[in-house]
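A.B. asks: The following block contains a protein sequence and its predicted model.
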Amino acid sequence: MKKFVAIILVVISFSAFAQVDTAKAGFSKRYTKFSKDRIAIDLNGTNWIHKIPGLNIKWYSRGINIYFNYDFQIKKSFFSIAPGIGVSCSNIYHRSEMTDSTGPGIQFKPLTNPDNYKVNKLSLTYIDIPIEFRFRTKPDRLDNSWKFVAGFKAGIRVDGHTKTSTKTPKEIVKLKPFPDLNLFHAGPFIRIGYSSFNLTAYYGILGVFKNNRGPQANEFSVGISFNGL
């Protein structure tokens, strides 16, 4: 009788381990259906939160981010962490003249003849290090899932210049550098979407300009993101 019970226990134990292994195998199979989202391309509408008198940023200000991330699954779950590297660019279109002096720093003043300008913008480019905390739902019958991402990025500015294009005379002028621009930017971002299509938003916690070297302005962006690979 004891031998019979022992045999039954061995069989039950083996069956239980087999089921666990099967469950793990099934989960791993579902997880492999996920895109690792190694490449992210964001097309953004950009703007600043500011109280600068006379500065009217145009609604069509825009930017682009291109990031490469590597996805690390967390303990056989639908959660993962994805550090990365990439570049972000923003173009702020406005109808003001930005000056960089050795006294009070960067200042804005109205254009003398705004109708004569075809383009008047400030362009900023950063090399970024983003890190993302990701959650994906179980893949559906099309092997796609909903994705929720909360992240933080920090970057160093590699370019900052103004560009103006006038009608009379017809000329294009680029000015740089602007040492009173903040060398760094950083802030949280989110991304929510289905399959390869997502919505994304970012807020910069560091000012666009250095402390006491320009007006207070914080960047933010909202856009669409395409992820894959």
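C.D. replies: All right, it came through fine.
A.B. asks: Identify all contacting residues around stretch 175-190.
C.D. replies: With contact meaning C-beta atoms under 8 Å, 6 or more residues apart in numbering, stretch 175-190 is reached by 98, 100, 105-106, 124, 126, 130, 149-157, 159-162, 200-210, 213-214, 219. Glycine gets a C-beta too; all of them are placed from N, C-alpha and C.
A.B. asks: Of those residues, grab the buried ones for ChimeraX.
C.D. replies: A single ChimeraX command is used to select the members of the contacts of stretch 175-190 judged buried by 16 or more other C-beta atoms under 10 Å:
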select :98,100,105,106,124,126,130,149,151,153,155,157,160,162,200,201,202,204,206,207,208,209,210,213,214,219
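A.B. asks: Filter the contacts of stretch 175-190 down to just the ones in strands.
C.D. replies: Among the contacts of stretch 175-190, DSSP state E puts 98, 100, 106, 124, 126, 130, 149-157, 159-162, 200-203, 219 in strands.
A.B. asks: Residue 120 reaches residue 93, doesn't it?
C.D. replies: Yes. Contact criterion C-beta atoms under 8 Å: residue 120 and residue 93 qualify, at 6.7 Å.
A.B. asks: and residue 93, what are its bridge partners?
C.D. replies: residue 121 (DSSP bridges).
A.B. asks: Touching, it and residue 61? I think so.
C.D. replies: Yes. Applying C-beta under 8 Å as the test, residue 93 and residue 61 come out as touching, 4.9 Å apart.
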